[in-house]
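> Any chance you can model this:
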Amino acid sequence: MSTTTAYGVAGMTCGHCVASVTEEIGLIAGAENVTVELVTGGTSQVTVTSTGALDRALVAAAVEEAGYRLVAAA
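From the prediction side, this is the model:
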């Protein structure tokens, strides 16, 4: 059964940002689909569908690797 979780990400401003975050989170084992609702100058919502609950620390590390910061869910 799939799990869908929304995360807030700060600092994203463009399509390149979206691609970077999508790619890094997509590398996490179990991540099946990543969608991003870009909010320039605010908190973007990143929704991840996975095979099970993902460790928030792994998601935070992936977001940081892309150059952004995980914050409270949008």
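> so L27 touches A62, yeah?
Yes: between L27 and A62 there is a contact at 6.7 Å, judged by C-beta atoms under 8 Å. C-beta coordinates here come from the backbone N, C-alpha and C atoms, glycine included.
> neighbour count winner among the two?
Ranked by neighbour count (other C-beta atoms under 10 Å), L27 and A62 place A62 first, with 25 against 10.
> On the three-state scheme, that one is what?
helix (DSSP: H, G, I helix; E, B strand; the rest coil).
> Quick check: closest non-adjacent residue to it.
Nearest residue to A62 in three dimensions, chain neighbours excluded: E24, at 4.1 Å (C-beta to C-beta, 6 or more residues apart in numbering).
> burial count for the one you found?
E24, neighbours per other C-beta under 10 Å, totals 20.
> Could you give the bridge partners of the spatially most central residue of the chain?
For the chain, the residue sitting closest to the mean C-alpha position, by C-alpha atoms, centre = their mean, is V46 at 4.4 Å. Note on V46: beta-bridge partners by DSSP bridges are Y7, V36.
> Chain neighbours aside, what residue packs nearest to R56?
R56's closest residue in space is L70 (C-beta to C-beta, 6+ apart), at 7.6 Å.
> Mind giving me the packing neighbours of the helix or strand where S44 lies?
According to DSSP states H and E, S44 maps onto strand 43-50. In this structure, strand 43-50 makes packing contacts with strand 3-10, helix 15-26, strand 31-37, judged by 3 or more C-beta pairs under 8 Å, 6 or more residues apart in numbering; DSSP states H and E.
> now the ones you listed in a markdown table, with distance to A53?
A markdown table is the format used below for the helices and strands packed on strand 43-50 (distance: least, C-beta to C-beta, whole Å):
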| stretch | distance to A53 |
| --- | --- |
| strand 3-10 | 5 |
| helix 15-26 | 14 |
| strand 31-37 | 11 |
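> any chance of those in a markdown table, with mean pLDDT and distance to D55 too?
As requested, those are exported to a markdown table (pLDDT from 0 to 100; distance: least, C-beta to C-beta, whole Å):
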| stretch | mean pLDDT | distance to D55 |
| --- | --- | --- |
| strand 3-10 | 96 | 11 |
| helix 15-26 | 97 | 12 |
| strand 31-37 | 97 | 11 |
